[in-house]
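Colleague: okay, structure incoming, though there's no sequence with it:
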């Protein structure tokens, strides 16, 4: 794993902003614009069923049910005050110190590792479930072969 997140990573505001192409609140009259959502740490995870689903790039908090008047930063603070990005209180990447960048990268990489671990655990669980079904059948087959071959 590289230390710095790739330029195509959701760690960066510009990449998060690109995910809001079909965001329902695009008007300059809206408080909940793609720009403000991305600045507040969110990227869009919209689906047909949930067109306004957004997730934080650091804490993975998902929020939906957005209204045009919602302030994305305030919503993030209210729903996940323990988020490292919220605690930093600096939405503008240009204002981060090297230490702050390092701390956010640590939190981001930890989250990414935890996601990969969960995927691996799920895969192992699925494989184990298959084996639980297959092993008795293999055992019966071997016993049958031994009886027939003796």
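Modeller: All right, it came through fine. Values in this document were obtained by computation on a predicted structure and should not be read as measured data.
Colleague: who's in contact with the most centrally placed residue in the chain?
Modeller: In the chain, the C-alpha nearest the mean C-alpha coordinate belongs to residue 60, at 4.8 Å (CA atoms, centre = their mean). Residues counted as contacts of residue 60 (CB atoms under 8 Å, 6 or more residues apart in numbering) are 111, 115. Where you see a C-beta, it was placed from the backbone N, CA and C, and this is true even at glycine.
Colleague: give the helix, strand or coil label for it.
Modeller: For residue 60, the secondary structure call by DSSP: H, G, I helix; E, B strand; the rest coil comes out as coil.
Colleague: ok, now residue 55?
Modeller: The three-state label given to residue 55 by three-state DSSP is strand.
Colleague: who's in contact with it?
Modeller: Applying CB under 8 Å, 6+ apart, we find residue 55 in contact with 42, 43, 45, 61, 62, 63.
Colleague: what segments of this structure are helices?
Modeller: 13-18, 34-39, 72-79, 84-88, 98-149 (DSSP state H).
Colleague: could you redo the ones you listed as a markdown table and give each row mean neighbour count, distance to residue 55 and mean pLDDT?
Modeller: Output for the helices of the chain, formatted as a markdown table (neighbours: other CB atoms under 10 Å; distance: least, CB to CB, whole Å; pLDDT from 0 to 100):
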| stretch | mean neighbour count | distance to residue 55 | mean pLDDT |
| --- | --- | --- | --- |
| helix 13-18 | 17 | 10 | 97 |
| helix 34-39 | 20 | 10 | 98 |
| helix 72-79 | 17 | 11 | 98 |
| helix 84-88 | 19 | 12 | 97 |
| helix 98-149 | 11 | 11 | 92 |
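Colleague: alright, calling it a day.
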